[in-house]
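Asker: Show me how the following folds:
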Amino acid sequence: MTLCSYYQAQVARKDTVFFVAILRSFDHICFDRALEPAQGKFEFFVPPDCEKVFLNIMAYFEKHHIIDNLQKLPNRLMREKL
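Answerer: Next up, the predicted model:
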């Protein structure tokens, strides 16, 4: 089983509605969620086949200062093996 890639980013508060609407207009590109809404911190679960498109979209958002600090991190839902 292949797990989704995991990313986090800061979303400019004034652009949150625009950002979410545009991102969700791309079918199945990722699952997004506000991790810390008050701070504008979002998390994204991206299927491996969609990662290139996702990163292109995020590059656009970064270029226009809608998001900042996009980071690929270990998937937080993975459980450690016992």
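Asker: quick one, strands of the chain?
Answerer: 5-11, 31-36, 41-46, 67-73 (DSSP state E).
Asker: Please convert those to JSON lines, extending it with mean neighbour count, mean pLDDT and distance to F18.
Answerer: Using the backbone N, CA and C atoms, a C-beta is placed for each residue, glycine as well. Supplementary listing: the strands of the chain in JSON lines, determined by neighbours: other Cβ atoms under 10 Å; pLDDT from 0 to 100; distance: least, Cβ to Cβ, whole Å:
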{"stretch": "strand 5-11", "mean neighbour count": "19", "mean pLDDT": "95", "distance to F18": "10"}
{"stretch": "strand 31-36", "mean neighbour count": "13", "mean pLDDT": "92", "distance to F18": "13"}
{"stretch": "strand 41-46", "mean neighbour count": "19", "mean pLDDT": "95", "distance to F18": "13"}
{"stretch": "strand 67-73", "mean neighbour count": "13", "mean pLDDT": "95", "distance to F18": "11"}
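Asker: Output these in a markdown table; the columns should cover distance to V17.
Answerer: Shown next, in a markdown table, are the strands of the chain (distance: least, Cβ to Cβ, whole Å):
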| stretch | distance to V17 |
| --- | --- |
| strand 5-11 | 10 |
| strand 31-36 | 12 |
| strand 41-46 | 13 |
| strand 67-73 | 14 |
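Asker: L23: which of the ones you listed is closest?
Answerer: strand 31-36 (5.8 Å; Cβ to Cβ).
Asker: Listing partners with orientation, what would you give for the closest one?
Answerer: In the sheet containing strand 31-36, its partner strands are strand 41-46 (antiparallel), by DSSP bridges.
Asker: Show residues contacting the partner strand.
Answerer: The contact list for strand 41-46 (Cβ atoms under 8 Å, 6 or more residues apart in numbering) reads 4-11, 29-35, 54, 67, 75-77.
Asker: my guess is P74 contacts C4, does it?
Answerer: No. P74 is beyond contact range of C4, at 11.6 Å (criterion: Cβ atoms under 8 Å).
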